[in-house]
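J.: prediction below, plus the sequence it came from.
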2 protein chains.
Amino acid sequence: MVRWDDLSPAELTVLETIFWSAGVSRAELAQLTDFSRSKANAAVAALIERGMLDETGPQVSSGGRRPETLLLSRNLGVLAAIDLGATSLDVALMTPDLTVLAHHSEPADVGSGPGVILSRVREVLRELRARCNIRREEIFAIGMGAPGPVEFGSALLVAPPIMPGWEGFSIREYLREEYAAPAYIDNDVNVMAMGELWRTHRQVPNFIVVKIGTGIGCGIVCNGMIYRGADGSAGDVGHICVDPNGQRCHCGNQGCVEVMAAGPAIARMGTEAAQAGQSQMLADVLADKGVITPEEVGQASRSGDNAANAIIKLAGTLIGQMLASAVNFFNPSQVFICGGISRIGPLFLAAIRQSVYHRSLALSTRHLEIQYAPLGERAGIIGAGALALHETLRNRGRLP
Amino acid sequence: MVRWDDLSPAELTVLETIFWSAGVSRAELAQLTDFSRSKANAAVAALIERGMLDETGPQVSSGGRRPETLLLSRNLGVLAAIDLGATSLDVALMTPDLTVLAHHSEPADVGSGPGVILSRVREVLRELRARCNIRREEIFAIGMGAPGPVEFGSALLVAPPIMPGWEGFSIREYLREEYAAPAYIDNDVNVMAMGELWRTHRQVPNFIVVKIGTGIGCGIVCNGMIYRGADGSAGDVGHICVDPNGQRCHCGNQGCVEVMAAGPAIARMGTEAAQAGQSQMLADVLADKGVITPEEVGQASRSGDNAANAIIKLAGTLIGQMLASAVNFFNPSQVFICGGISRIGPLFLAAIRQSVYHRSLALSTRHLEIQYAPLGERAGIIGAGALALHETLRNRGRLP
């Protein structure tokens, strides 16, 4: 097995730099690390000797001798990435440069508790390993995202609203029964932010990722790192007030953006529009199925239904109003939108954008971009892999 | 003169650690830097040899041989700290450990432009130097806070609302005519946050400083560093909306916290209460002086005037509502309140606190403290000194 604990600081810096840049030439490496060429080359030589780095095919070059690309070696082992959603389960095996070797996705109800869900995760991991012929000893780091608040140091869920049976349950110990590798667990939107951070090669140092589904949460990247706050609850934006006289939320306050604009609010407004005779289309859905989902409001909107359009615009406007507070406070360069509700229709993103630009200071939005998270549904699994490798390097392979 | 450019990374770390901890023993230094005792001692010996560190009087010890305290040496030179307010000017000379050698404060109208204000700053600096018998060559770093948005890299003010004549004016070049030392300029509340960061020995890594005066702004400390955002406008919280149907602000939007709750709003509400016959006390002030200031509303409140109490509670509640958004998003461990309006009366801080605790998530406020900035009026000048030394070390004395 690979030994991490006797890496020199320079070697560690080289490994981290190569991981975050997803492959570099020696010249680029010296530049990125701010090392002299000879210092960078010495560290690279030592790491190749140890089997931790590989030199692979030539990069595209503008001429002259073609530079080789340095990549983390597959000798390091295999990463296990787990993305737990409210209603789904994704598991993947990856190389150290986050190339997916095998991936499995299936529906799952996170509310059924850690026993059911994690034994299924374990089975899927075994199936994927068998498919790729990977022994369990080869798994050298595990990363996981979960749809609830996670105390990152202990990896325990703290009062998770949709995962009541998970509170106090040690996912880490459970996984350790089969895998000796260190396991890192974070909430789903921080993990997605980690994925986008890796995708951008850490070159976008200050951005936020906003997930809109049944709830609303946000992952914060500050100076190139995930920012978790003093108690790990940074990014809990679902209960920011957007209307002091608005609807009452389960948290006890009035007008939280989550109760006014997330998935259930869109469904509720759709039902009200159907009952009030404002939309024949939604009334037909209600008569037919007995309930209206946010997706059906989205469909009606795409078909040009006025009431559905108004609902989606209102939800987007309220979310944009909350985001304007975050933008004024944090001045990110990017806001990435994701989550089950985010693609409910083009009006939604347009309304979010309009509302943020309208309500934020000009200086804060001068270079601001608001767009769908480029990794899309892959952000969670890529982020879980990135979390696993980043933390393993940072802690030099020590068990957390 | 001191040479910074050939310091080894270990020596630089030692200097930074001693600066931020405001004096340590050798044993503490090794612990704080995570260096071996011998590595720390070697760096200390080299720095003493170079005249950059001093060993001074014994620290209080629990017994045995008394440890010496390591401090940045006065041989490094003298810091010049400048704190420009909307209506005041503070200038100080300090030792490298931020001991004030001389300090001068006087009223000044920042709106009279850089020519008037900076020539007065230059005069005051000369007077203070003469008083302490310090040659201009001994000034080795300059730090300054200004009451407007500053682009930190270029040190230029960007569209400063109350400093129109300053836009594009190079304060740095102006100071360079007399001083060869590097000069660092930031907005006033970032500088105050720097002061509090130094006061807490960087042991409180995530906090915010909120300044409430004519406007409302906030300084953000994230992972032990001032966070300025993608465009330098992080902390511009004055235009966060607290009431979508509220009063129109000069920025064009409705219900910005600044137009609803800062100093001018308190004065306006006081005038309205006087005119509506809701307060005899305020009506008397209005009849007597023709205008009502926020301070007079505060005085009326302290005398038990009901209308003044209601005004101050409302302003505190609205500011607390804005801060609740910041707390939910950022999860700081401390919120420090400062600025000309902040001490308008005990009801004000109480209302801010109540509003933040009421509107934030329980997890975010579990350990949250909201209090007056402990450095009080000294935060600006101490922060300017800390900024000067921190940036000079970080840039190894190179001119910015």
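T.: Looks like it arrived, so ask away. Residues are numbered from 1 along each chain as shown, chains lettered A, B, ... in the order given.

J.: what is the burial count for the residue lying closest to residue A:176 once chain neighbours are set aside?
T.: Closest residue to residue A:176 apart from its sequence neighbours, by Cβ to Cβ, 6 or more residues apart in numbering or on different chains: residue A:183 at 7.2 Å. Yep, even glycine has a C-beta here, placed from its N, CA and C like the rest. The tally of other residues near residue A:183 (other Cβ atoms under 10 Å in any protein chain shown) stands at 26.

J.: now do the helix or strand hosting residue A:268: which elements does it pack against?
T.: According to DSSP states H and E, residue A:268 maps onto helix A:263-275. Judged by 3 or more Cβ pairs under 8 Å, 6 or more residues apart in numbering or on different chains; DSSP states H and E, the packing partners of helix A:263-275 are helix A:280-289, helix A:294-302, helix A:306-330.

J.: so which residue of the stretch 151-300 of chain A comes closest to chain B?
T.: In the stretch 151-300 of chain A, the residue that lies nearest chain B is residue A:229 (2.7 Å; Cβ to the nearest Cβ).

J.: wait, that residue sits on residue B:326?
T.: No - counting by Cβ atoms under 8 Å, residue A:229 stays clear of residue B:326, with 11.3 Å between them.

J.: tell me which of those two has more neighbours.
T.: Between residue A:229 and residue B:326, residue B:326 has the larger neighbour count (other Cβ under 10 Å), namely 26 against 21.

J.: wait, that one touches residue B:217, no?
T.: No - between residue B:326 and residue B:217 there is no contact under Cβ under 8 Å: 11.8 Å.

J.: list residues touching both of the two?
T.: Counting by Cβ atoms under 8 Å, 6 or more residues apart in numbering or on different chains, the contacts common to residue B:326 and residue B:217 are residue B:237.

J.: for the residue lying closest to residue A:301 once chain neighbours are set aside, list the residues it contacts.
T.: Leaving aside its sequence neighbours, residue A:301 sits nearest to residue A:308 (Cβ to Cβ, 6+ apart; 4.0 Å). For residue A:308, the contacting residues are A:270, A:273, A:279, A:281, A:282, A:297, A:298, A:300, A:301, by Cβ under 8 Å, 6+ apart.

J.: same thing but 6 Å
T.: A:297, A:300, A:301 (Cβ atoms under 6 Å, 6 or more residues apart in numbering or on different chains).

J.: relative to chain B, how far out is it?
T.: 23 Å (Cβ to the nearest Cβ, to the nearest Å).

J.: so how far is residue A:261 from that residue?
T.: 15 Å (Cβ to Cβ, to the nearest Å).

J.: ok, residue A:133 next?
T.: Distance from residue A:133 to residue A:261, by Cβ to Cβ: 48 Å.

J.: okay, these two: which has more neighbours?
T.: A direct count of neighbours by other Cβ under 10 Å for residue A:133 and residue A:261 places residue A:261 higher, at 30 against 7.

J.: next, the contact list for that one, please.
T.: A:315, A:318, A:319.

J.: so where's chain A shaky on pLDDT?
T.: A:1, A:58-67 (pLDDT under 70).

J.: and it, which of its residues are near chain B?
T.: Counting by Cβ under 6 Å from any Cβ of the partner chain, chain A comes close to chain B at A:206, A:222, A:229-231, A:233-234, A:236-237, A:239-240, A:325-326, A:328-333, A:359, A:361, A:363-364, A:366.

J.: I'd guessed the residue nearest to residue A:176 sits against residue A:143; true?
T.: No - the criterion here is Cβ atoms under 6 Å, and residue A:183 misses it with residue A:143 at 7.6 Å.

J.: find the centremost residue of chain A, please.
T.: Central residue of chain A (Cα atoms, centre = their mean): residue A:192, 0.8 Å from the mean position.

J.: in the stretch 1-150 of chain A, which residue sits nearest chain B?
T.: Closest point on the stretch 1-150 of chain A to chain B, by Cβ to the nearest Cβ, is residue A:149, at 6.5 Å.

J.: and chain A, what are its domains?
T.: A:9-75, A:76-198+A:378-394, A:200-374 (automatic domain parsing).

J.: now do the same end-to-end measure for the shortest one.
T.: Right, domain A:9-75. Distance across domain A:9-75, first residue to last, is 21 Å (Cα to Cα, to the nearest Å).

J.: strands of the stretch 151-300 of chain A, residue ranges please.
T.: Using DSSP state E, counting those that start in this stretch, the strands of the stretch 151-300 of chain A run over A:156-157, A:183-187, A:207-212, A:216-222, A:225-226.

J.: elements contacting the last one?
T.: Translated: strand A:225-226. Other elements packing on strand A:225-226 under the criterion 3 or more Cβ pairs under 6 Å, 6 or more residues apart in numbering or on different chains; DSSP states H and E are helix A:188-199.

J.: which residues sit against the helix it packs on?
T.: Against helix A:188-199 from outside (Cβ under 6 Å, 6+ apart): A:145, A:147, A:209, A:211, A:217, A:219, A:221, A:226, A:336, A:375, A:379-380, A:382-384, A:386-387.

J.: same deal with stretch A:348-356?
T.: By Cβ under 6 Å, 6+ apart, stretch A:348-356 touches A:312, A:313, A:316, A:317, A:319, A:320, A:321, A:323, A:324, A:327, A:370.

J.: give me that answer again for 7 Å
T.: A:312-313, A:315-317, A:319-321, A:323-324, A:327, A:337, A:370 (Cβ atoms under 7 Å, 6 or more residues apart in numbering or on different chains).

J.: farthest pair in these?
T.: Across the contacts of stretch A:348-356, the longest distance by Cβ to Cβ is 21.3 Å; it joins A:312 and A:327.

J.: can you count the residues close to the nearest residue in space to residue A:81 that is not next to it in sequence?
T.: Counting by Cβ to Cβ, 6+ apart, the nearest residue to residue A:81 once its immediate chain neighbours are dropped is residue A:384, at 3.7 Å. Residue A:384: 32 surrounding residues under other Cβ under 10 Å.
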